[in-house]
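*Asks:* Okay, structure incoming, though there's no sequence with it:
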């Protein structure tokens, strides 16, 4: 089931934000593969002109926010999102939507959603005598003690790396044609805990059921990497192209 | 639930796929991009290119191979072999590869892994651990200057264990298993994690090319010693070997070259077999 080029979305253009972190080429080529014009940029004025914004990236929350700030991109992103421009965040691009991260002490995010970014922590529930929970300052959302993630009592590996399924909580246009329990490619050590659980569009099980997709209005974000998730991932990119296309037509 | 990964590996020399036994008797066997597409269609979970290009002038060819692959194949790509500098890593990532696998450069300078993971993120730094069971008649390369470093010195191989016939003493090798290093493989893997490695690609150089199966005790020892994912490699001849590595060896991913390359099994057959044995795979 290979994608065919969808000529109907060639009139729009997306900006893929380049702030020096992550494999942007795959995101750009992925959109190209499904017939969507995507342009890599690090300029705030291009965000204003673009019909949709894509913020990819892997790595550290703090570095991401620092680079976005250095490039004067944070205000441009927040303003565009407030004006209703479709936004697709990938991995770090999902996490920075939230208020703050616990990575290396507290760090402020774009604060579009209330909530925080926390690290997977499998030590406290699996090895009670060696509990690290208190040392880490009371990280919430660790798996409960009566549900060990693995029967073998070997702690789960961090980063969460590889293919895992999503469980759809709130269907939305980004998931058009994607069925429940579809596999996507993940690589991350942190995950988001939204204050308002209604923004969670999908969850994924890794010791705990964490938020793997965010959806509210014009804001879409995935903890997984659609650009690395073969056909299912390309379908997500195509869907975002369609979302941007209908936004442009309705403008 | 996170699935176990099946990773076909393509050995690439001068831009062409080759496969040999213990890195000898190489035969030309095709275009890497076509092979990558073939594995993509079969549902491979990731791809590894092992670049064994010898001459420095031809090393840029792999960048073109990666770029042409990444134009068409949307799954994680790892490149190993010949990575000597942060610039080498940057060039590969910019070409469209997601992770790089480093062996010899880490042995010469373990802090290279720290620098690389700080610059590009742990998630893209894989340390290739090429390990060999230690025998009493082995000879070792001269000690690296960093053996006096307080943080690193405890990875030194304790040869007294070898003479006491400890059941599992493995040392690091470089240059395709030809050069032995006075480094304990399990301690080394742990140290690489501490320095920022995001994943370990563990190859048993005793088993590589033999089709006798992974070195299961070694794989389990490393998998249990680190909290980052481990890819088992070296020795796969049957589908049962894949299961052994993932279940008994506790590896997170199973890498194989020749059984897929010579079309003895498809990726799909491998995954169907694993699923029938209760292993979580993506089908």
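*Replies:* Looks like it came in fine. Since we're looking at a predicted model, the values are computed, not measured.
*Asks:* which element follows the helix or strand that contains residue B:255 toward the C-terminus?
*Replies:* Assigned by DSSP states H and E, residue B:255 belongs to strand B:253-256. As assigned by DSSP H and E, the chain's next helix or strand after strand B:253-256 is helix B:258-261.
*Asks:* quick one: average pLDDT of that next one?
*Replies:* Regarding helix B:258-261, the rounded mean pLDDT is 89.
*Asks:* by contact count, what packs against that helix?
*Replies:* Applying 3 or more Cβ pairs under 8 Å, 6 or more residues apart in numbering or on different chains; DSSP states H and E, one finds that helix B:258-261 contacts strand B:5-13, strand B:16-21, helix B:267-276. Heads up, the C-betas are built off the backbone N, CA and C, glycines and all.
*Asks:* Quickly compare the ones you listed and say which is most buried.
*Replies:* When the helices and strands packed on helix B:258-261 are scored by mean count of other Cβ atoms under 10 Å in any protein chain shown, the highest mean neighbour count falls to strand B:5-13 (a mean of 24).
*Asks:* pretty sure residue B:83 contacts residue B:99?
*Replies:* No. Counting by Cβ atoms under 8 Å, residue B:83 does not reach residue B:99; the two are 11.0 Å apart.
*Asks:* shared neighbours of these two, anything?
*Replies:* Here residue B:83 and residue B:99 share no contacting residue, scored by Cβ atoms under 8 Å, 6 or more residues apart in numbering or on different chains.
*Asks:* residues in contact with residue 116?
*Replies:* Looking at chain A here, since you left the chain open. Residue A:116 touches A:98, A:99, A:100, A:101, A:102, A:192, A:193, counting by Cβ under 8 Å, 6+ apart.
*Asks:* my bad, chain B
*Replies:* B:86, B:89, B:100, B:102, B:125, B:196.
*Asks:* Just the buried ones out of those residues, please.
*Replies:* Buried residues within the contacts of residue B:116, counting neighbours by 16 or more other Cβ atoms under 10 Å in any protein chain shown: B:89, B:100, B:102, B:125, B:196.
*Asks:* got these as JSON lines, with secondary structure and distance to chain A columns?
*Replies:* JSON lines is the format used below for the buried ones among the contacts of residue B:116 (DSSP: H, G, I helix; E, B strand; the rest coil; distance: Cβ to the nearest Cβ, whole Å):
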{"residue": "B:89", "secondary structure": "helix", "distance to chain A": "12"}
{"residue": "B:100", "secondary structure": "strand", "distance to chain A": "12"}
{"residue": "B:102", "secondary structure": "strand", "distance to chain A": "17"}
{"residue": "B:125", "secondary structure": "strand", "distance to chain A": "11"}
{"residue": "B:196", "secondary structure": "coil", "distance to chain A": "12"}
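*Asks:* re earlier: inside strands: which ones of the contacts of residue A:116?
*Replies:* A:98, A:99, A:100, A:101, A:192, A:193 (DSSP state E).
*Asks:* Name the nearest of those residues relative to chain B.
*Replies:* If you rank the ones in strands among the contacts of residue A:116 by distance to chain B using Cβ to the nearest Cβ, residue A:101 comes first, at 15.0 Å.
*Asks:* From residue A:192, how far out is the closest one?
*Replies:* Distance from residue A:101 to residue A:192, counting by Cβ to Cβ, to the nearest Å: 9 Å.
*Asks:* What count of nearby residues applies to the closest residue to chain A within chain B?
*Replies:* Nearest residue of chain B to chain A: residue B:121, at 3.8 Å (Cβ to the nearest Cβ). The number of residues packed near residue B:121 is 23, by other Cβ atoms under 10 Å in any protein chain shown.
*Asks:* shouldn't it be in contact with residue A:61?
*Replies:* No. In this structure, residue B:121 is not within contact of residue A:61 by Cβ under 8 Å, at 11.5 Å.
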